[in-house]
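[1] Build me a model from this:
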Amino acid sequence: MGVPLDTAWDCLHRAESYPRFLDGVREARQEGEHRTHLDIDAGGRPQECVVEITDRSVENVMRWQTTSGPELAGTFSLLPLDEQHTRVQARFEYDPGTIKETFGGPQGFAQASAIERGLRSDLEQLKQLVEREG
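    Model (predicted):
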């Protein structure tokens, strides 16, 4: 990303911006310092989930995990490349059966490929959003 680490970090922590870069998130609202309520599109059906966010700010890592809805988890790790550029790495943890049951779609290798494509798309949308609006 062509922005400083702090700018990217701040955007990741603005729940109201999640629908703008996370495919399938229809609405997001902060519920306290470390909780976010998400209204998502789960295979064409609306569903709600709550996400607990844990920061390891010294390491520039944001860890998230659902506490209701489908069992999902992941991390965003930010690495400063220089004063104006940041690398974002994302990790998504899921049970393939949960994904199939909740969201539908393919299974096995096709499912993993679809999730990877979706994650890459979300990261590209995040990049565009952060670089455009900071």
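[2] wait, is residue 40 part of a strand?
    Yes: per DSSP: H, G, I helix; E, B strand; the rest coil, residue 40 lies within a strand segment.
[3] Surely it is in contact with residue 25?
    Yes: Residue 40 sits in contact with residue 25 when judged by CB atoms under 8 Å, with a separation of 5.5 Å. (C-beta placed from N, C-alpha, C; glycine too.)
[4] which of those two has more neighbours?
    residue 40 (24 against 19; other CB atoms under 10 Å).
[5] The more buried one and residue 100: what is the separation?
    Remark: distance between residue 40 and residue 100 (CB to CB, to the nearest Å) = 16 Å.
[6] go on, residue 82?
    In terms of CB to CB, residue 82 sits 42 Å off from residue 100.
[7] swap in residue 129?
    To residue 100, residue 129 is 29 Å away according to CB to CB.
[8] what does residue 41 give?
    Where residue 100 is concerned, residue 41 sits at a distance of 16 Å (CB to CB).
[9] Over to residue 24?
    15 Å.
[10] And residue 45, by the same measure?
    Using CB to CB, we find residue 45 at a distance of 14 Å from residue 100.
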